[in-house]
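Participant: the sequence and its predicted three-dimensional model are supplied below.
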Amino acid sequence: MSNITFESRYAIGPNEAKSLDTKGLRENFLIDKLFFEDKVHFVYTHYDRYMAGGALPVNGKLKLDTIEPLLKEPYFLARRELGIINVGGDGKVEVDGETFEVNYKEALYIGKGAKEVYFVSNDASKPAKFYLNSTPAHHTYPTKRVTKAEANKIELGALETANHRTINQMLLHTVIQTCQLQMGMTELKPGSVWNTMPAHTHDRRMEVYFYFDVPEGQSVSHFMGPIDETRHIWMQNEQAVISPPWSIHSGAGTSNYTFIWGMAGENMDYDDMDKAAITDLK
């Protein structure tokens, strides 16, 4: 019996999204739970056929099985690449017999063609939580681990504007080779709550945000929608949100927090953004 579960979500445009109430907006874009004990869970979005999910191994090794109804392939990475960032306890990922240590806030890229992938927690009482992003791939690049120390770091913002943050570019073309998947992690400094402000869109790429390190009792209000008609989704710790190419993706928390961004699309230019002035947002 397969230990993988999934759901599929179709893409909608800004005109359709305009008609959604709060419930409809959350049903289409919020991923409210990613981690299930001894399961691999994915949400398959038809924006760029991006997949976001989680693996929570507790009682032994957890295998990455194929999803036959979606992929129609004998193994998951037959025509895909996979990015992993651990947001839980220390753990390991086994890729075709080779073992990679992937500890808290460390990343692993697995290229197209890997046949057997297993997730393992070092301590069942504090299990690893492997956050997963996957995109279609047409070339094989080497599997590679990237620690936070090895990431390309960019410091932006200021405490005065409540957006002082460090961007850790981890699975990015300036750090490793990938086909189209790009992932990284942004950490907000104490006293700062805004991410990705000033906001932007990039019609060439979609994106998924995963919020974590949100303190108990605190929340993040994620902003989405076209620049001239924004909406918000209140989000809790360890939840993700799908950002279509036509939408801004920004957030403000009631405390500082960390989020993982993952994206895919036409190009791999991180700075290719259609920026919006703060005073133009509506």
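Facilitator: That came through, no problem. Residues are numbered from 1 along each chain as shown.
Participant: which parts of the stretch 1-150 of the chain are strands?
Facilitator: For the stretch 1-150 of the chain, the strands defined by DSSP state E, counting those that start in this stretch cover 4-9, 30-31, 40-45, 50-55, 62-63, 80-86, 91-95, 98-102, 107-110, 117-121, 130-136, 144-146.
Participant: measure the residue lying closest to Lys126 once chain neighbours are set aside to Thr174 for me?
Facilitator: What sits nearest to Lys126 in space, not counting adjacent residues and going by CB to CB, 6 or more residues apart in numbering, is Gly89, at 3.6 Å. Where C-beta positions appear, they are placed from N, C-alpha and C, glycine not excepted. Distance, Gly89 to Thr174, by CB to CB, to the nearest Å: 29 Å.
Participant: who has more neighbours out of those two?
Facilitator: Taking neighbours as other CB atoms under 10 Å, Gly89 and Thr174 compare with Gly89 leading, 16 against 10.
Participant: hmm, the more buried one is touching Val102, no?
Facilitator: No: look at Gly89 against Val102 with CB atoms under 8 Å: they stay out of range, at 10.8 Å.
Participant: can you give me the strands for the stretch 151-282 of the chain?
Facilitator: Under DSSP E, counting those that start in this stretch, the stretch 151-282 of the chain gives strands at 152-156, 165-171, 182-188, 194-195, 200-201, 205-212, 220-225, 231-235, 239-243, 248-253, 258-265, 274-275.
Participant: residues touching Ala240, list them.
Facilitator: When contacts are counted by CB atoms under 8 Å, 6 or more residues apart in numbering, Ala240 is found next to Leu30, Ile31, Leu34, Val43, Ala52, Val208, Tyr209, Phe210, Tyr211.
Participant: list the residues that contact the last one.
Facilitator: Think Tyr211. Applying CB under 8 Å, 6+ apart, we find Tyr211 in contact with 220, 222, 235-241, 251, 257-259.
Participant: any of those buried? List them.
Facilitator: Val220, His222, Met235, Asn237, Glu238, Gln239, Ala240, Val241, Gly251, Tyr257, Thr258, Phe259 (16 or more other CB atoms under 10 Å).
Participant: quick one: buried residues of stretch 203-223?
Facilitator: Buried residues in stretch 203-223 (16+ other CB under 10 Å): 205-214, 219-220, 222-223.
Participant: distance of the residue nearest to Val193 when sequence neighbours are not counted relative to His173?
Facilitator: Of all residues not flanking Val193 in the chain, Gly253 sits nearest, at 4.5 Å (CB to CB, 6+ apart). Distance, Gly253 to His173, by CB to CB: 29 Å.
Participant: compare these two (neighbour count), which wins?
Facilitator: Taking other CB under 10 Å, Gly253 and His173 do not tie; Gly253 has more neighbours (23 against 16).
Participant: how far off centre is the longest helix anywhere in the chain?
Facilitator: In the chain, with assignment by DSSP state H, the single longest helix is helix 22-29. With CA atoms, centre = their mean, to the nearest Å as the basis, helix 22-29 stands 18 Å off its chain's centre.
Participant: elements contacting it?
Facilitator: strand 231-235, strand 239-243 (3 or more CB pairs under 8 Å, 6 or more residues apart in numbering; DSSP states H and E).
Participant: now those as CSV including mean pLDDT and distance to Glu98?
Facilitator: Shown next, in CSV, are the helices and strands packed on helix 22-29 (pLDDT from 0 to 100; distance: least, CB to CB, whole Å):
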stretch, mean pLDDT, distance to Glu98
strand 231-235, 97, 36
strand 239-243, 98, 28
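Participant: what's the closest of the ones you listed to Pro69?
Facilitator: strand 239-243 (20.1 Å; CB to CB).
Participant: partners of the closest one in the sheet?
Facilitator: strand 30-31 (antiparallel), strand 205-212 (antiparallel) (DSSP bridges).
Participant: would you turn those into a markdown table with mean pLDDT and distance to Ile4?
Facilitator: Output for these, formatted as a markdown table (pLDDT from 0 to 100; distance: least, CB to CB, whole Å):
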| stretch | mean pLDDT | distance to Ile4 |
| --- | --- | --- |
| strand 30-31 | 98 | 16 |
| strand 205-212 | 96 | 19 |
